[in-house]
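>>> give me the fold of what follows.
(2 chains)
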Amino acid sequence: MNTAKKSIRKNWGCVILMLSVYMMVISPSISAAQTNGSTLESQVKAAYIYNFTKFIYWDTQKNDSSANPLCVAVVDGEDIGNLLDGVSKKQTRGRPFVVKKVRNDKIDIADCQMVFIGKLERQQLPALFKKLEGTSVLTVSDIPAFTQQGGMIGFYIEDDKVKIEINMDAVNNAGLQISAKLLEVAKITSKGK
Amino acid sequence: MIALINNLPIKIKMMLIIMFTSVMSLLLAGAVVVIHDSYQSKKDLVNDLSSIGKLIADRSTAALTFQDSRLARENLSALHVKSSVIAACIFDEQGVVFAKYGAYNDKTMAVVTEKKGKPGGYRFENEQLLLLEPVLLEGKQVGAVFICASLKEYFRQRLYFILLVAAIMVFSSIVALLFSSRLQTYISSPLLHLTETAQRIARQKDYSLRATGSSNDEIGILVTAFNDMLKMIDTQNAVLEQRVAERTAELVEARDRAESADHVKSAFLATMSHELRTPLNSIIGFTGLVLQGLAGAVNEEQKKQLTMVQNSGQHLLTLINDVLDISKIEASQIEIASAPFDLAGSIQKIVQTVKPIADRKNLPVVAQVAPDIGTFTGDSRRVEQILLNLLSNAIKFTERGEVRVECCHDNGMVVTRVTDTGSGIKPEDLGKLFQPFRQVDTGLTRQYEGTGLGLAICKRLVELMGGTITVKSEWGKGSTFEFTLPVNLEQTNEKHSCH
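Below is the predicted model:
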């Protein structure tokens, strides 16, 4: 552990130096990225989805044993799904990270821990929520006012940045626990709002 | 330096020893404390800042992951509790500044960029502590927290601590000084008392004094030994004094015995000489009467033999007179008269007396008396006796040449000189010339008769009259006897008539 830390520190300098030069050339702004299409925004969202797994605790009593892979179902979000494929070889909290791209009609997400719902599926939300009722599946979407409709984590854009809002009621109902750190960076909403 | 310390009193020496020891220990302890504290507090400083850095790093994982720079800034603002923190920032995964705190600027950034490759995560530079803590999420680095803290407060505390330690050391030294000045008396005061006693004894020569001391240590032993020694000296002194008294008494007795024996001897000699003279005078007198033919005619042969009897009688009388004189002098029975008389006349008289003897040897006797001699106050009979003795001797030991008498004033003394051209005296004999019963060349030839008392009598007479007698002589060439007599006080006008 100690040596790992040291090596990180050691390499840190080189990384910083390299990346700082890189960042001086390429602007880090998302708005700038948006001119190239929606890819960067999607990249950020994909990264956020992956990182959520590190701040959210599923009930281990149910289907969250460490042997099982951590599964993310992507419903109608081609670009996000593809981006998540890129990180699917990774592990998160010692578990393999698996991405399942599904279509709404064939939706079977009972053994997944998280589901991302693309914008196109806006009309299907109530049916979807009904389906997920009583499970510990985290629902994530970039559909506007997703949390107001009963979703758990929603993306929104503010000051050209991708922000997060969390519906604590929905999260609590699903028996999920969210790290205070994640709550700190998120806007907290409730169903009734 | 060593000599300087050696000359110091024991009191100061002991205080110096105690002070040196305590100050050295204090210095050593102080140095160790300061060095240890310096090391420890530096470590604490780093640990402290590192802990805060770690805390901020941990709190900033979500902020970095979900790009909430506001939250990151809030996290950093917790650093305001540390007034020493000048600047801080959080870097994101790409090494870009994500959130800033304090006086963060590009210059600091450049320093960080340049320096943070150093393993260990921190370094001291330009009175600043630069610290870099990684932000880890699931063991993966997602950013870094950089904190730059001023060491001014640290240095101030170090200075304060060193001053505190120095103050404690000074205070402790003063306490040590007080204690040492009090405690050294336990050793020094008995020694000082001993020294003082020894000095008093040396000064007053009072060996009955004793040193006091109650301790049972080496000093106590020393005091006891000192007192024992004094006791011994005292006892021995008493013994010695007693012995000296005994010896003195014995010596006084012996001296008295010897003195009385001497007196008896001298008195006996004086009486005997006087008693001897009476029959001798009648022998000489009656021989003279017979020689003059008053008892009938004497033929030539009888006359010759009677003259020999008379001469022998005369000689015997001289001898007896000499013995009488020396005995009287030795017995301090002689009296020196003091009356004015004509010294020049006396000299003429004596020269006339010895002239017949000199004429027989064809020796001229020259008298050279300074005209200013005039009247001399003294014992004319004794002065004439000395002159007669010296002149008789001179004529006796001289075959050729002349005998000269000179008399003159010199520096308040009358100097009378008798010079002859006789046999002279060997240098080794000069010393015993004036000792009684000594005659130069005794026994060998017996060429010159005499008692050997003449010069001894002369010397004593001259000394009795306050003068000196000296002799200068060269073997085979002649001798000069010179005696001085002090001019009496009535004629103190300085005269110099000597040549």
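>>> for the stretch 201-350 of chain B, which residue gets nearest to chain A?
Residue nearest to chain A within the stretch 201-350 of chain B (CB to the nearest CB): B:D217, separated by 62.5 Å. C-betas here are computed from N, CA, C, even on glycine.
>>> for that residue, give its distance to B:L191.
11 Å (CB to CB, to the nearest Å).
>>> of the two, who's got more company?
Neighbour count, other CB atoms under 10 Å in any protein chain shown: between B:D217 and B:L191, B:L191 has more, with 17 against 11.
>>> relative to chain A, how far out is that one?
Distance, B:L191 to chain A, by CB to the nearest CB, to the nearest Å: 66 Å.
>>> if I pick that residue, what's in contact with it?
Contact analysis of B:L191 by CB atoms under 8 Å, 6 or more residues apart in numbering or on different chains lists B:I10, B:I219.
>>> C-terminal to the host helix or strand of it, what's the next element?
Using DSSP states H and E, B:L191 maps to helix B:185-204. Using DSSP H and E, the helix or strand that follows helix B:185-204 towards the C-terminus is helix B:218-291.
>>> where do the helices sit along chain A?
A:2-25, A:30-34, A:39-55, A:78-87, A:125-132, A:168-173, A:180-185 (DSSP state H).
>>> cool, and the stretch 351-499 of chain B?
Per DSSP state H, counting those that start in this stretch, the stretch 351-499 of chain B carries helices over the ranges B:380-396, B:454-464.
>>> quick one on the thing from earlier: looking at the residue of the stretch 201-350 of chain B closest to chain A now. What's its pLDDT?
Predicted confidence (pLDDT) at B:D217: the value is 83.
>>> likewise the one 4 residues further on?
Per-residue confidence for B:I221 comes out at a pLDDT of 88.
>>> in the helix holding B:L191, what's buried?
B:I187, B:S188, B:P190, B:L191, B:L194, B:T197, B:I201 (16 or more other CB atoms under 10 Å in any protein chain shown).
>>> and of the residues you listed, the nearest to chain A?
B:I187 (60.6 Å).
>>> near the nearest residue to that closest one once chain neighbours are set aside, how many other residues are there?
Of all residues not flanking B:I187 in the chain, B:M14 sits nearest, at 6.3 Å (CB to CB, 6 or more residues apart in numbering or on different chains). Look at B:M14: counted by other CB under 10 Å, it has 20 neighbours.
>>> now do B:L16
Neighbours around B:L16, by other CB under 10 Å: 14.
>>> element containing it, please.
Per DSSP H and E: helix B:10-59 holds B:L16.
>>> which residues sit against the helix or strand just after that helix?
Under the assignment DSSP H and E, the closest C-terminal helix or strand after helix B:10-59 is helix B:61-65. With contact meaning CB under 8 Å, 6+ apart, helix B:61-65 is reached by A:47-48, A:51, A:54-55, A:179, A:181-182, A:184-185, B:68-69, B:71-72, B:75, B:90, B:92-93, B:98-99, B:135-137, B:142-143.
>>> and for stretch B:277-285?
Contacts for stretch B:277-285 (CB under 8 Å, 6+ apart): B:V309, B:Q310, B:G313, B:Q314, B:L316, B:L317, B:I320, B:N321, B:L324.
>>> and residue 141, what pLDDT?
The chain I'm using is chain A. A:S141 is given a pLDDT of 89.
>>> right idea, wrong chain: chain B
pLDDT, B:Q141: 81.
>>> make sure it is actually in contact with B:V135.
Yes - B:Q141 lies in contact with B:V135 (CB atoms under 8 Å); the separation is 6.7 Å.
>>> who has more neighbours out of those two?
With neighbours defined as other CB under 10 Å, B:Q141 and B:V135 compare such that B:V135 has more, 27 against 19.
>>> okay, and the beta partners of the residue lying closest to the more buried one once chain neighbours are set aside?
Leaving aside its chain neighbours, B:V135 sits nearest to B:G143 (3.9 Å; criterion: CB to CB, 6+ apart). Beta bridges link B:G143 to B:D92, B:V135 when assigned by DSSP bridges.
>>> let me see the contact set for B:G143.
B:G143 sits next to B:A57, B:S60, B:L64, B:I90, B:F91, B:D92, B:E93, B:F98, B:P134, B:V135 when contact means CB under 8 Å, 6+ apart.
>>> so where's chain B uncertain?
B:104-120, B:437-451, B:488-499 (pLDDT under 70).
>>> quick one, what contacts the closest residue to A:K101 other than its chain neighbours?
Computed as CB to CB, 6+ apart, the closest residue to A:K101 that is not its neighbour in sequence is A:G81, at 4.2 Å. By CB under 8 Å, 6+ apart, the contact set of A:G81 is A:V74, A:V99, A:K101, A:F116.
>>> same list (the buried residues of helix B:185-204) but as a markdown table, adding distance to B:D37.
Formatted as a markdown table, the buried residues of helix B:185-204 follow (distance: CB to CB, whole Å):
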| residue | distance to B:D37 |
| --- | --- |
| B:I187 | 38 |
| B:S188 | 39 |
| B:P190 | 44 |
| B:L191 | 43 |
| B:L194 | 49 |
| B:T197 | 53 |
| B:I201 | 58 |
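>>> look up how far B:R203 lies from A:E78.
For A:E78, the distance to B:R203 equals 124 Å [CB to CB].
>>> over to A:V171?
A:V171 is 110 Å from B:R203, by CB to CB.
>>> likewise B:G345?
Taking CB to CB, one finds B:G345 at 67 Å from B:R203.
>>> next one: B:T416
Separation of B:T416 from B:R203 (CB to CB): 57 Å.
>>> with B:N227 instead?
For B:N227, the distance to B:R203 - CB to CB - is 18 Å.
>>> what of B:A63?
From B:A63 to B:R203 the distance is 96 Å (CB to CB).
>>> ok, now A:P96?
Between A:P96 and B:R203 the computed distance is 110 Å (CB to CB).
>>> do B:K303 as well
Distance of B:K303 to B:R203, computed by CB to CB: 87 Å.
>>> now A:Q149
From A:Q149 to B:R203 the distance is 122 Å (CB to CB).
>>> could you do B:E275 as well?
64 Å.
>>> also B:D410?
Using CB to CB, B:D410 is found at 53 Å from B:R203.
>>> and for A:N167?
113 Å.
>>> what of B:A270?
55 Å.
>>> now swap in A:K163 and tell me
Computed as CB to CB, the A:K163 to B:R203 distance reads 108 Å.
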